[in-house]
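Participant: Pasting a predicted model and its sequence here:
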Amino acid sequence: DNADHIRQHYHTWTEQEGRLNNAWRLMWTGLGFVNSAIESIEEVDSEAIGVTQERLESIIAESKVLRAYHYMKIMDMWGNVPIVTQVGIPTNPETRSREEVFAFIEQELLENVEKLQLLSPKLIGRMSRAVGYSILSELYLNAEVWSGQARWEDAIVYSDKVINGEGGSLTGTIELDLDP
């Protein structure tokens, strides 16, 4: 592997690293797609397409939680990064501190997680409320590194929500889903 793992372990990689370049492209491209989807969906008239406004807001919330997830992974891998919520605007965004990115992610999640649908078999692979709670739990588990302030109690609160089935369940009960 040409010592790729050693360079990554010691944080001595170069700009030529395939794995890091691929991760960078994947995460930022995904973020661009999500921002584009949010912009397009926000322009939709729910009545014109025959869905309730609540349902449309739930779809937008799914996209914003997915955007928060991308930012959490980007922040984890690269630290200080730009925050961009519109396609192509600004053209050359300024880099934000990891603390600012953390605050943005937290706000996105807290504003949208309760609008998400409960986890159910029809939501496999989508952003359900259980997924949103899990992302919040991960965010708070890493808060001390990412924001400078430990948030253990918040991590417990959102982990408990998942464990107790408050985000939904694949089995339709509040019990933990059993492996087949």
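Facilitator: Happy to help now that I have it. Residues are numbered from 1 along each chain as shown.

Participant: Average pLDDT for stretch 24-42, rounded please.
Facilitator: Here stretch 24-42 scores 94 as its mean pLDDT.

Participant: Show me what counts as buried in that stretch.
Facilitator: M27, W28, G30, L31, V34, N35, A37, I38 (16 or more other CB atoms under 10 Å). (Each C-beta comes from the backbone N, C-alpha and C, glycine too.)

Participant: From the rest of the structure, what touches stretch 77-88?
Facilitator: Stretch 77-88 is contacted by residues 20, 23-24, 27, 31-32, 35-36, 38-39, 67, 71, 74-75, 90, 93-98, 100-101, 104 when judged by CB atoms under 8 Å, 6 or more residues apart in numbering.

Participant: can you give me the strands for this protein?
Facilitator: Using DSSP state E, the strands assigned to the chain run over residues 81-82, 95-96.

Participant: Out of those, which one sits most buried?
Facilitator: Neighbour counts (mean count of other CB atoms under 10 Å) averaged over each of these peak at strand 81-82, with a mean of 16.

Participant: That strand pairs with which strands?
Facilitator: strand 95-96 (antiparallel) (DSSP bridges).

Participant: quick one: the partner strand to chain centroid distance?
Facilitator: Distance of strand 95-96 from its chain centroid, counting by CA atoms, centre = their mean, to the nearest Å, is 18 Å.

Participant: now the most centrally placed residue in the chain: how far from I6?
Facilitator: In the chain, the residue lying closest to the centroid (CA atoms, centre = their mean) is Y69, at 1.3 Å. The gap separating Y69 from I6 is 29 Å, by CB to CB, to the nearest Å.
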